[in-house]
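I would like the atomic coordinates for the input below:
(chains A and B)
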Amino acid sequence: ETGVTQTPRHLVMGMTNKKSLKCEQHLGHNAMYWYKQSAKKPLELMFVYNFKEQTENNSVPSRFSPECPNSSHLFLHLHTLQPEDSALYLCASSQGQAGAGDTQYFGPGTRLTVL
Amino acid sequence: GIQVEQSPPDLILQEGANSTLRCNFSDSVNNLQWFHQNPWGQLINLFYIPSGTKQNGRLSATTVATERYSLLYISSSQTTDSGVYFCAVTAAGNKLTFGGGTRVLVKP
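All right, here's what the predicted structure looks like:
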């Protein structure tokens, strides 16, 4: 799938660093999502945005801060992370609102390592 | 919330073999998707199949919504089929919930 892009693809950061993950969808979709995939765990939904408005925060710690300036872009700002936050972070988008049952399309992910 | 269970958790196949992956879910759904995650982490949509049967090349899927399960068939498997296969479902108004995945290794 080339419709959803994510940068960077790999990121290594220290616990005191601040970094941001970027996601862009070129599909004209209205909903965007952040997921976390840790080793040996199912994908976990983190945040949902519908029409730029956050509609779900799945009990995510405040050291993860999402931003959705428009329907095509989604950021995840990271600060004072912990080693257990190391994971693959996946962005997705769908045409309709979350919960409507529309197909979700995923980006390639950012593999994050926190030292 | 809805529970999604996939079986088997791991599957080793010889190239050319056929296989069936299963996804059971605990409640009615309005969306069911099958994904393939390649070794680089990319999740590729395989099927959007809340009910019925679909085929795409060597892959096909069947969802029996009334009995709350879906099956993914891989025929004449190839080494490029290796990776993790995920089933994910949405109950009305709720988030997409993923199963634990089936890790497939196809040996040449």
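
quick one: the helix or strand bottoming out on mean pLDDT in chain A to chain centroid distance?
Ranked by mean pLDDT, DSSP states H and E, the helix or strand of chain A with the weakest confidence is strand A:53-57, at a mean of 84. The chain centroid and the centroid of strand A:53-57 are separated by 12 Å under C-alpha atoms, centre = their mean, to the nearest Å.

point out where chain A drops to low pLDDT.
For chain A, the stretches with pLDDT under 70 are A:1-2, A:98-101.

and the residue most central in space within it, what element?
Closest residue to the average C-alpha location of chain A: residue A:34 at 2.8 Å, with C-alpha atoms, centre = their mean. Element membership of residue A:34 [criterion: DSSP states H and E] is strand A:31-37.

angle of that strand against strand A:53-57?
Counting by axes from the mean of the first three to the mean of the last three C-alpha atoms, to 10 degrees, strand A:31-37 lies at 30 degrees to strand A:53-57.

partner strands of strand A:31-37, with direction?
Within its sheet, strand A:31-37 is paired with strand A:44-50 (antiparallel), strand A:87-94 (antiparallel), according to DSSP bridges.

residue B:54: neighbour count?
If you count neighbours by other C-beta atoms under 10 Å in any protein chain shown, residue B:54 ends up with 14. All C-beta atoms are positioned from the backbone trio N, CA, C, and that covers glycine.

so it touches residue B:47, yeah?
Yes. Taking contacts as C-beta atoms under 8 Å, residue B:54 lies within contact range of residue B:47: 5.3 Å.

extract the CA atoms of stretch B:90-97 and return them as PDB.
Backbone C-alpha positions of stretch B:90-97 (Å, rounded to 0.1, in the frame of the first residue of the first chain) are rendered in PDB as follows:
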ATOM      1  CA  THR B  90     -15.200  -4.000  14.200                       C
ATOM      2  CA  ALA B  91     -18.400  -4.300  16.200                       C
ATOM      3  CA  ALA B  92     -20.900  -1.500  15.400                       C
ATOM      4  CA  GLY B  93     -19.600   1.800  16.700                       C
ATOM      5  CA  ASN B  94     -16.400   0.300  18.100                       C
ATOM      6  CA  LYS B  95     -12.700   0.200  17.300                       C
ATOM      7  CA  LEU B  96     -11.000  -2.300  15.000                       C
ATOM      8  CA  THR B  97      -9.800  -5.100  17.300                       C
END
